[in-house]
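Enquirer: Sequence and predicted structure, then a few things I'm wondering about:
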Amino acid sequence: AQSVSQHNHHVILSEAASLELGCNYSYGGTVNLFWYVQYPGQHLQLLLKYFSGDPLVKGIKGFEAEFIKSKFSFNLRKPSVQWSDTAEYFCAVNALGGYQKVTFGTGTKLQVIP
Amino acid sequence: NAGVTQTPKFRILKIGQSMTLQCAQDMNHNYMYWYRQDPGMGLKLIYYSVGAGITDKGEVPNGYNVSRSTTEDFPLRLELAAPSQTSVYFCASSYRAGFAEKLFFGSGTQLSVL
């Protein structure tokens, strides 16, 4: 069965600091990987996704993530965070072959201090 | 285009009461899902549907029922509410299952069972 681990539960950064949120998945086959974001009071929305090809994926609002197959990782990065990036971030995986069962990680709450 | 609409946004139930969480989408999506989000636990799939008249259990279906009589609507029924069902419930939809298919989420229903 597929699973997703997010190791950072709560991250506090000052504006302009760099961000890296860890995500590891466990599944031996081909996967799609996603990062969703939930801003305060809003619903989850897709930040970026990896399907195939270039392992470095760029998303909205300056976010990017790198798929490293050998490490089963899909870490989210942003070189300089803003106060408006304060949100909860969820990594998710969808494995080939099953119905579309998207498994989510436990989430990382990011707080950016002005 | 409203996307995925959930009602109500908040609800308090007494133990043993029943209620239906409503979910509607206007994107003609075939696939619809119900997730629950508990603090520090990520999102867990309760039920999903691949089309009108077809539903199936997810990871945590006990205590819930669903129906899908139309493409647009996917209500979630709680029978005999229990404190363990206190959670935030999200409905989501996607056009199809398969690779890299983005989920569209509703704004959530915060349910407390006291």
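Expert: Alright, I've got the coordinates. None of the values given here were measured: they were computed from a predicted structure.
Enquirer: Show me which residues of chain B sit near chain A.
Expert: Residues of chain B lying close to chain A (CB under 8 Å from any CB of the partner chain) are B:4, B:31, B:35, B:40-43, B:45, B:48, B:50, B:56, B:58, B:90, B:92, B:94, B:96-103, B:105-108. Just so you know, the C-beta spots here come from the backbone N, C-alpha and C atoms, and that holds for glycine as well.
Enquirer: List only buried entries from the residues you listed.
Expert: Burial by neighbour count, 16 or more other CB atoms under 10 Å in any protein chain shown: within those this picks out B:4, B:31, B:35, B:42-43, B:45, B:48, B:50, B:58, B:90, B:92, B:94, B:97, B:101, B:103, B:105-108.
Enquirer: Could you list the low-confidence segments of chain B?
Expert: B:1, B:97-100 (pLDDT under 70).
Enquirer: quick one: the strands in it?
Expert: Assignment of strands within chain B using DSSP state E yields the ranges B:4-7, B:10-13, B:19-25, B:31-38, B:42-51, B:54-57, B:64-66, B:76-78, B:87-94, B:104-105, B:109-113.
Enquirer: Could you export these as a markdown table, including distance to A:S52?
Expert: A markdown table is the format used below for these (distance: least, CB to CB, whole Å):
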| stretch | distance to A:S52 |
| --- | --- |
| strand B:4-7 | 27 |
| strand B:10-13 | 41 |
| strand B:19-25 | 28 |
| strand B:31-38 | 21 |
| strand B:42-51 | 24 |
| strand B:54-57 | 28 |
| strand B:64-66 | 33 |
| strand B:76-78 | 34 |
| strand B:87-94 | 18 |
| strand B:104-105 | 22 |
| strand B:109-113 | 35 |
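Enquirer: separation between the residue nearest the centre of chain B and A:F74?
Expert: Centroid check for chain B by CA atoms, centre = their mean gives B:W34 as the closest residue, at 2.8 Å. For B:W34, the distance to A:F74 equals 25 Å [CB to CB, to the nearest Å].
Enquirer: and if you look at B:C91?
Expert: Distance of B:C91 to A:F74, computed by CB to CB: 25 Å.
Enquirer: same thing with B:K102?
Expert: Separation of B:K102 from A:F74 (CB to CB): 16 Å.
Enquirer: Touching, A:P55 and A:F67? I think so.
Expert: Yes: counting by CB atoms under 8 Å, A:P55 sits close enough to A:F67 to count as a contact (4.1 Å).
Enquirer: out of those two, which sits in the busier spot?
Expert: Neighbours were counted for A:P55 and for A:F67 using other CB atoms under 10 Å in any protein chain shown; A:F67 has more, 21 against 13.
Enquirer: Does that one touch A:F51 like I think?
Expert: No: counting by CB under 8 Å, A:F67 sits too far from A:F51 to count as a contact (9.8 Å).
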